[in-house]
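Trainee: Kindly return the folded structure for what I paste below:
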Amino acid sequence: MTITQLYYVLAVAEYKNFTLAAEKCFVTQPTLSMQIQKLEDELDILIFDRSKKPILLTEVGEKIVNQAKNIVNEAGRIKDIVDQQKGYIGGEFKVGIIPTVMPTLLPMFLNNFIKKYPKVNLIIEEQTTEEIIKKLKNGHLDCAIAATPLEEENLKEIVLYYEPFVAYIPENHSSFDKKEITIEDIDLDTILLLQDGHCFRNGILNLCKNNKYIADNHFQLESGSFETLIKLADEGLGTTLLPYLHTLDLNEKNKLKLRPFKDPKPAREVSLIYPKNELKIHIINALRDVISGVVRGAIAFSDVEIISPKQKK
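Mentor: This next block holds a predicted model:
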């Protein structure tokens, strides 16, 4: 039995197809199949039911896969131990970032991190929260940056910052003349939202605590970007809420339409998320330190109310 054989087993278990698993492992399909067959022969059992399409795990195969995940993870930890002992921070490191954080946070820390840790091959992917959770659990991401708390088993969260919601209110709105607002000042009939799948959208719906009311109205606009929501608001089609960091890049004319909430300000919690096995924890800590250093100067709010990013049923 080898680590490589277990790695191939995990790939087939995930993709449910020998050819696709071989592509993901960068080996030929016969090579992968032969190694899995050798393992099955050694154990004198069948890990996969090849008669089913897609391929399924046998009952004992499910137990083997669960144990194989632990073994492969622990094998990876050996390299981590050596790297930490040598003080080496480098190698490939995959990070997932949600779309509503990526455009504002990434430019703030990326250049600093690359300069400080030039040996780290940082691979950054824009992913939804749902995709991030799946990839972290499958080992396809080393860590992620997303709105929390997610309360996911086998995942840890380190809070990076709290980011208040800020209202964008056009001049023709009844609350435009107010210096600060409350959620009651937002017209739920014409609130402009991001498309379904964005956790920032879920946060707004949770803040309003009235999903059904919003969903049943006669007029509803959704978009995939804050820029579109701002333009729609400027056309008099409603109001919207923006994350604080996004408001820093608005032009001066649009900044005049921003209205903060009264304390405690509704806010989202943005965190580093990573598997509990803590593989590559030395790189995760390095990333946390760099991000915390640059964000500390841009955002500092203490009196906030954390709004959950999870969709309420």
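Trainee: Going by C-alpha atoms from here, please, whenever you check contacts or count neighbours.
Mentor: Noted.
Trainee: can you list the weak-confidence ranges in this protein?
Mentor: 187-189, 195-202, 204-224, 300-302, 311-313 (pLDDT under 70).
Trainee: Tell me which helix or strand comes right after the top helix by length along it.
Mentor: The helix that spans the most residues within the chain, counting by DSSP state H, is helix 59-86. Note on helix 59-86: by DSSP states H and E, the next helix or strand toward the C-terminus is strand 91-97.
Trainee: buried residues in that following strand?
Mentor: Counting neighbours by 16 or more other Cα atoms under 10 Å, one finds that the buried residues in strand 91-97 are 93, 94, 95, 96, 97.
Trainee: mind listing the helices in the stretch 1-150 of the chain by residue range?
Mentor: For the stretch 1-150 of the chain, the helices identified by DSSP state H, counting those that start in this stretch occupy 3-15, 18-25, 29-43, 59-86, 102-116, 129-138, in order along the chain.
Trainee: Columns mean neighbour count and distance to residue 265 on top of the ones you listed, output as CSV?
Mentor: Rendered in CSV, the data for those read as follows (neighbours: other Cα atoms under 10 Å; distance: least, Cα to Cα, whole Å):
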stretch, mean neighbour count, distance to residue 265
helix 3-15, 19, 42
helix 18-25, 18, 45
helix 29-43, 16, 54
helix 59-86, 14, 40
helix 102-116, 14, 20
helix 129-138, 18, 23
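Trainee: Residue 293 is nearest to which of the ones you listed?
Mentor: Taking Cα to Cα as the criterion, helix 102-116 is the member of these that comes nearest to residue 293, at 8.7 Å.
Trainee: when you compare where that closest one runs with where strand 91-97 runs, what's the angle?
Mentor: Taking axes from the mean of the first three to the mean of the last three Cα atoms, to 10 degrees, one finds that helix 102-116 is oriented at 160 degrees with respect to strand 91-97.
Trainee: From the contact counts, what lies against helix 102-116?
Mentor: Packing partners of helix 102-116 (3 or more Cα pairs under 8 Å, 6 or more residues apart in numbering; DSSP states H and E): helix 244-247, helix 281-295.
Trainee: residues making contact with it?
Mentor: With contact meaning Cα atoms under 8 Å, 6 or more residues apart in numbering, helix 102-116 is reached by 120, 126, 245, 246, 287, 290, 291, 294, 295.
Trainee: Doesn't residue 271 belong to a strand?
Mentor: Yes. Read with DSSP: H, G, I helix; E, B strand; the rest coil, residue 271 is one of the residues of a strand.
Trainee: Can you get me a residue count around it?
Mentor: Applying other Cα atoms under 10 Å, we find 21 residues neighbouring residue 271.
Trainee: so who does it touch?
Mentor: Taking Cα under 8 Å, 6+ apart as the definition, contacts of residue 271 comprise 145, 146, 147, 148, 157, 158, 159, 160, 161.
Trainee: Let's see which of the residues you listed end up in strands.
Mentor: Cross-referencing the contacts of residue 271 with the strands (criterion: DSSP state E) gives 145, 146, 147, 148, 157, 158, 159, 160, 161 as the overlap.
Trainee: want to try CSV for these, with neighbour count and distance to residue 170 as columns?
Mentor: What follows is the ones in strands among the contacts of residue 271, written out as CSV (neighbours: other Cα atoms under 10 Å; distance: Cα to Cα, whole Å):
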residue, neighbour count, distance to residue 170
145, 25, 31
146, 31, 29
147, 30, 27
148, 24, 30
157, 22, 37
158, 17, 36
159, 17, 33
160, 20, 31
161, 21, 28
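Trainee: With respect to residue 251, which of the residues you listed is nearest?
Mentor: residue 161 (24.2 Å).
Trainee: For the residue nearest to residue 178 when sequence neighbours are not counted, give the beta-bridge partners.
Mentor: Distance criterion Cα to Cα, 6 or more residues apart in numbering; nearest residue to residue 178, sequence neighbours excluded, is residue 259 at 7.6 Å. The residues paired with residue 259 through beta bridges, assigned by DSSP bridges, are residue 167.
Trainee: how close does residue 259 get to residue 184?
Mentor: Residue 259 sits 13 Å away from residue 184, taking Cα to Cα, to the nearest Å as the criterion.
Trainee: of those two, who's got more company?
Mentor: The neighbour count for residue 259 versus residue 184, taken as other Cα under 10 Å, is higher for residue 259 (21 against 8).
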